[in-house]
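pasting the sequence and the predicted coordinates here, then a few questions.
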Amino acid sequence: MDSLKQRIVDYVAANQPVKRADLIVVIGISGKGLDREIAALRGLEMIFSMAGFGYFTSKASYQEWIQGAGANYLKDRAIKGGYRSVEARRQSENSYPARIMSVLSDGSKLGASQIAEAMGATYRSISSVISVMVNAGELKFEGQKGHRVYSLANPKKKAGRRADSVNVICQECRNSPAMKRVLMVWGRVGV
């Protein structure tokens, strides 16, 4: 084994897990050169890599790390991910579309300037958002341009109501004489 491979193995043994970018800087080698050396060391079973974590000297050292320090690392990473998720949700709830939906959620019909005032925003900042929401079918409007009032396109549906089927093929099949005979056998339709 040459000195470059030995330096890689020694550094990984002292600092595992080691990320690829860190090895490139510490060893002073190009990315492609490091990949060649790592491939050779993997063939000799002197390096073990685990995606997302980095390089280890062996699978046993990876297993040891995952039971000890790695477990704490994963726990911290999960907690940070949870905080980021909550922060992203908080930001999405504070987005203009969400705030517009909130203002109109009581079923009221308001003009764009009234919506902006209720949100504490400017008309200019929400007018394009309202246009996008109208085009997406989230809002509907009444009146001419300049005098439009907006409301939610789909107010909350009452529980227990079932939409009528628009599947014509299914209705035709169900109403066919053959299907009626089948349903009569199973007791679903009267004689």
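That came through fine. Residues are numbered from 1 along each chain as shown.

does Phe141 sit in a helix, a strand or a coil?
With DSSP: H, G, I helix; E, B strand; the rest coil as the basis, Phe141 sits in strand.

quickly note the distance from it to Ser128.
To Ser128, Phe141 is 15 Å away according to CB to CB, to the nearest Å. Every C-beta, even on glycine, is put in place using the N, C-alpha and C of the backbone.

looking at these two, which has the bigger crowd around it?
Each of Phe141 and Ser128 has its neighbours counted (other CB atoms under 10 Å); Phe141 has more, 18 against 10.

quick one: contacts for that one?
Contact partners of Phe141, counting by CB atoms under 8 Å, 6 or more residues apart in numbering, are 134, 148-151.

if you set the cut-off to 10 Å instead, what comes out?
Phe141 makes contact with 109, 111-112, 130-131, 134, 147-151, 153, according to CB atoms under 10 Å, 6 or more residues apart in numbering.

if it is in a bridge, with which residues?
Tyr150 (DSSP bridges).

okay, now the unreliable bits of this protein?
1, 83, 85-93, 155-169, 188-191 (pLDDT under 70).

so which residues of it form helices?
Secondary structure of the chain, counting by DSSP state H: helices at 3-15, 20-27, 31-43, 59-67, 69-93, 96-104, 112-119, 123-135, 168-175, 177-185.

can you redo these as TSV with distance to Gly52?
Shown next, in TSV, are these (distance: least, CB to CB, whole Å):
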stretch	distance to Gly52
helix 3-15	16
helix 20-27	11
helix 31-43	16
helix 59-67	12
helix 69-93	10
helix 96-104	33
helix 112-119	41
helix 123-135	37
helix 168-175	47
helix 177-185	55
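
quick one, which of the ones you listed is nearest to Met50?
Smallest distance to Met50 across these (CB to CB): 5.6 Å, for helix 59-67.

counting neighbours, which bits of that closest one end up buried?
62, 65-66 (16 or more other CB atoms under 10 Å).

distance to Phe56 added to those, as CSV?
What follows is the buried residues of helix 59-67, written out as CSV (distance: CB to CB, whole Å):
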residue, distance to Phe56
Tyr62, 4
Trp65, 7
Ile66, 10
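
number of residues surrounding Gln152?
Not Gln; residue 152 is Leu. Here the number of neighbours of Leu152 (other CB under 10 Å) works out to 19.

thought it was touching Pro97?
No. Using CB atoms under 10 Å, Leu152 makes no contact with Pro97, being 11.7 Å away.

farthest pair within the contacts of Phe141?
Of all pairs drawn from these, the greatest distance, 19.1 Å, lies between His147 and Ala153 (CB to CB).

tell me the contacts of Tyr150?
Tyr150 makes contacts with 100, 103-104, 108-112, 114-115, 130, 133-134, 138-143, as judged by CB under 10 Å, 6+ apart.

burial of Asn126, as a residue count?
Rather than Asn, residue 126 is Ile. Other residues lying near Ile126 total 21 when counted by other CB under 10 Å.

thank you, goodbye.
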